[in-house]
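**Student:** Just need the structure, nothing else, for what follows:
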Amino acid sequence: MTPRAADRARYDRATAHLDAPVAIVDLDAFDANADDLVRRAGGKPIRVASKSVRCRALLERVLARDGFAGIMSFTLAESLWLARSGFEDVLLAYPSADRAAFAELAHDPKLAAAVTVMVDDPAQLRLMDDARDGGREEIRVCLELDTSWQVLGGRVRVGARRSPLRSPAQVADMARSVARRPGFRLVGLMAYEGHVAGVGDAVAGRPVRSRAIRLMQAAARKELAVRRAEVVRAVRTVAPDLEFVNGGGTGSVQHTAAERAVTEIAAGSGLYVPRLFDNYTSFTGRPAALFAQPVVRRPGIGVVTVLGGGYPASGAPGADRLPVPYLPEGLRYDPQEGPGEVQTPLLGSPADDLLIGDKVWFRHAKAGELCERFDVLRLVEGDMVTATVPTYRGEGYTFL
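**Tutor:** Now for the predicted structure:
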């Protein structure tokens, strides 16, 4: 029996009493992935990206482990909810225009002490001031640095279009804007290198492309390490008591941790290890989050149909954004249909061994987005479900 076949047998036994669709997290794999992130971080604390987890129970589990400290959230409403729930260090990774939430933040000393908001434009500070509604609490602020790799005078750009702040002078000028404005305190700097951390460098069947990605990432890391250090020095002339410099992502943990200017690493997807994180030379994780769909039809030889399954992930449309049939091994989509909203045909010889009601296990493309499809996660240890915990959706929240 292959390791994957053994996992299938465990998951089927663990969920035999549950009808599919069902989503699980294998805690042995989850914990092993957490240990690997800590090892790669080399002693620097890891701030957990909540959008990649979207389950309070699992956020609490990983933050109870040595090597993890703080949350990186994705909306201001989520940040306030987490702070009210007892999380004491929440960094909002994206700017917000949620005026009602800013008013709440400015009125509540507990929330204001726990939550740090992201800015990269003086207009965002003005929006927050306009939204205060009389609230006088000091708002903690983090600046974001554009990490994209640019060559040929900027005519070629690789990386996400995020912050407009790129040079040390630009970031220092924004730091001065914060320092001059009463009611705000600059406490952090963030730089997320998604073109390194979120792009696999060992694409199956594409050796030339993989080598090109590795060359690009090596050059991008070198350029960013120098520029990030210069930016940190420039910002510290304005805010010498800067509390943290955040960088990284699951795919670049060990590289970013090696930079002296960086004080903490961000990671989240590496806990669940969705399919987009299979193609890296720098680490190998264990798939921890899976979902199962039931077989509902047997249209013919070598074909079964499962209920639903069409759960595409965000990003540029493509096959890599689709879930992948994982267990039993050897199933594939019908190219004329793909994964469907209400049914999904699957082809391959393993189909002939599947019966009506059997489970087919899938892996989602991006980590936390799976939790927008399920109210609860079944936590599996060995071949038993040992707990059932709500996702954000199960607690009644869909923050974005």
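**Student:** Can you list the low-confidence ranges for the stretch 1-150 of the chain?
**Tutor:** Along the stretch 1-150 of the chain, the model assigns pLDDT under 70 to no residue.
**Student:** 80 - rerun?
**Tutor:** 149-150 (pLDDT under 80).
**Student:** And the helices in it?
**Tutor:** 3-14, 27-41, 56-63, 76-84, 99-107, 109-114, 122-131 (DSSP state H, counting those that start in this stretch).
**Student:** And the contacts of the second one?
**Tutor:** If you take Cβ atoms under 8 Å, 6 or more residues apart in numbering as the criterion, helix 27-41 is touched by 46, 58, 61-62, 65-68, 250, 253-254, 257, 265, 267, 270-273, 283, 285-289, 379-382, 386. C-beta here means a position set from N, CA and C on the backbone, and glycine is covered the same way.
**Student:** Also stretch 168-179?
**Tutor:** By Cβ under 8 Å, 6+ apart, stretch 168-179 touches 119-122, 125, 141, 143, 145, 164-165, 184-186, 189, 227, 230-231, 233-235, 237-239.
**Student:** I'd like to know which of those residues are buried.
**Tutor:** Listed as buried from these are 119-120, 125, 141, 143, 145, 165, 184, 186, 189, 227, 230-231, 234-235, 238-239; burial here means 16 or more other Cβ atoms under 10 Å.
**Student:** Could you identify the longest helix within the chain?
**Tutor:** helix 207-238 (DSSP state H).
**Student:** Make sure Leu355 is actually in contact with Val295.
**Tutor:** Yes: counting by Cβ atoms under 8 Å, Leu355 touches Val295, with 6.7 Å between them.
**Student:** just to revisit the earlier point, mind listing what's buried along the longest helix of the chain?
**Tutor:** In helix 207-238, counting by 16+ other Cβ under 10 Å, buried: 210, 213, 216-217, 220-221, 224-225, 227-232, 234-236, 238.
**Student:** Tell me how many other residues surround Asp108.
**Tutor:** 17 (other Cβ atoms under 10 Å).
**Student:** hang on, the earlier thing: out of Leu355 and Val295, which sits in the busier spot?
**Tutor:** Here Leu355 and Val295 are set side by side on neighbour count (other Cβ under 10 Å), and the busier one is Val295, at 19 against 8.
**Student:** strands paired with the helix or strand hosting the more buried one, and their directions?
**Tutor:** Applying DSSP states H and E as the criterion places Val295 in strand 289-300. If you go by DSSP bridges, strand 289-300 pairs up with strand 22-26 (antiparallel), strand 303-307 (antiparallel), strand 359-363 (antiparallel).
**Student:** what's the offset of that strand from the middle of its chain?
**Tutor:** The chain centre lies 27 Å from the centre of strand 289-300; the measure is Cα atoms, centre = their mean, to the nearest Å.
**Student:** tilt between that strand and helix 27-41?
**Tutor:** Inter-element angle recorded for strand 289-300 and helix 27-41: 130 degrees (by axes from the mean of the first three to the mean of the last three Cα atoms, to 10 degrees).
**Student:** Asn246 - that's part of a strand, no?
**Tutor:** Yes: assigned with DSSP: H, G, I helix; E, B strand; the rest coil, Asn246 falls within a strand.
**Student:** Asp120 and Pro95 touch, don't they?
**Tutor:** Yes: assessed by Cβ under 8 Å, Asp120 is found in contact with Pro95 at 6.6 Å.
**Student:** out of the helices of the stretch 1-150 of the chain, deepest packed?
**Tutor:** helix 76-84 (a mean of 21; mean count of other Cβ atoms under 10 Å).
**Student:** doesn't Glu137 make contact with Pro109?
**Tutor:** Yes: using Cβ under 8 Å, Pro109 is in contact with Glu137, at 5.7 Å.
**Student:** distance of the nearest residue to Asp12 once chain neighbours are set aside from Leu125?
**Tutor:** In this structure, Asp12 finds its nearest non-sequential neighbour in Lys359, 6.2 Å apart by Cβ to Cβ, 6 or more residues apart in numbering. According to Cβ to Cβ, to the nearest Å, Lys359 and Leu125 sit 51 Å apart.
**Student:** Same check on Phe374?
**Tutor:** 38 Å.
**Student:** now do Glu381
**Tutor:** Distance from Glu381 to Leu125, by Cβ to Cβ: 47 Å.
**Student:** Name the nearest residue to the spatially most central residue of the chain, ignoring sequence neighbours.
**Tutor:** Compute the mean C-alpha point of the chain, and by Cα atoms, centre = their mean the closest residue is Ser52, 3.3 Å away. Excluding its sequence neighbours, the residue lying closest to Ser52 (Cβ to Cβ, 6+ apart) is Gly268, at 3.0 Å.
**Student:** again with Arg221
**Tutor:** His255 (5.5 Å).
**Student:** wait, doesn't the one you found sit right on Ala218?
**Tutor:** No: contact between His255 and Ala218 fails when scored by Cβ under 8 Å: they sit 9.4 Å apart.
**Student:** in the stretch 201-350 of the chain, which ranges drop under the pLDDT threshold?
**Tutor:** Using pLDDT under 80, the stretch 201-350 of the chain drops low at 201-221, 281-282.
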